[in-house]
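Enquirer: give the three-dimensional model of this entry:
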Amino acid sequence: MNHPARSTDPSTSHEAANRVVASGKQRAQQATTESAVRRHPGLTSMKLAEVTGLDRYMLARRLPELAKEGRVWRGPKVLCPISETSACTWWPVAPGSNFTLAV
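Expert: I've put the predicted structure just below:
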C-alpha cells in the first residue's frame, strides 16, 4: 500500500495520511477510482471527474498510487477537453497484465 504523503510533506500531512490509510478510506477510494477508469478508459483525470462526479483532487491522488501498484497505467498525453491543457490519460490494466506499461 502506498503511503499517501511525501517525505517532504509537513507532519500534519503525514497524520492525515495515516488516518486515511487506517480508516480504509484510501483503499475504498482506490477501488472507486480503478472502477471509474475501467468504465471510462483513456480519459484525463479532470474529464474522468466530470463524467463520474468524483472529486478531481481525490482522483489526482489515487491514480498515481494505482499506477505504482500496476492497477492502472498512465497513457499518452492529450489536450484535456475540460482544462484545455495537455494532460495524461488513464487506462485500465487487463487482468493478468501486471507488467510495467509505457508509452
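Enquirer: grab the most central residue of this protein for me.
Expert: Closest residue to the average C-alpha location of the chain: Leu63 at 1.0 Å, with Cα atoms, centre = their mean.
Enquirer: which SS state does it fall under?
Expert: helix (DSSP: H, G, I helix; E, B strand; the rest coil).
Enquirer: is it true that it touches Trp73?
Expert: No: the criterion here is Cβ atoms under 8 Å, and Leu63 misses it with Trp73 at 9.9 Å. C-beta coordinates here come from the backbone N, C-alpha and C atoms, glycine included.
Enquirer: shared neighbours, those two?
Expert: Common contacts of Leu63 and Trp73, defined by Cβ atoms under 8 Å, 6 or more residues apart in numbering, comprise Trp90.
Enquirer: what pLDDT is listed against the spatially closest residue to Arg56 that is not a sequence neighbour?
Expert: Once flanking residues are discounted, Arg56 sits nearest to Ala49: 3.8 Å by Cβ to Cβ, 6 or more residues apart in numbering. You'll see Ala49 listed with a pLDDT of 97.
Enquirer: count the neighbours of Ala49 for me.
Expert: 19 (other Cβ atoms under 10 Å).
Enquirer: Trp91 too?
Expert: 19.
Enquirer: same for the strand or helix carrying it, what does it pack against?
Expert: In this structure, Trp91 sits in strand 86-92 according to DSSP states H and E. Counting contacts by 3 or more Cβ pairs under 8 Å, 6 or more residues apart in numbering; DSSP states H and E, strand 86-92 is packed against helix 25-39, helix 45-52, strand 72-79.
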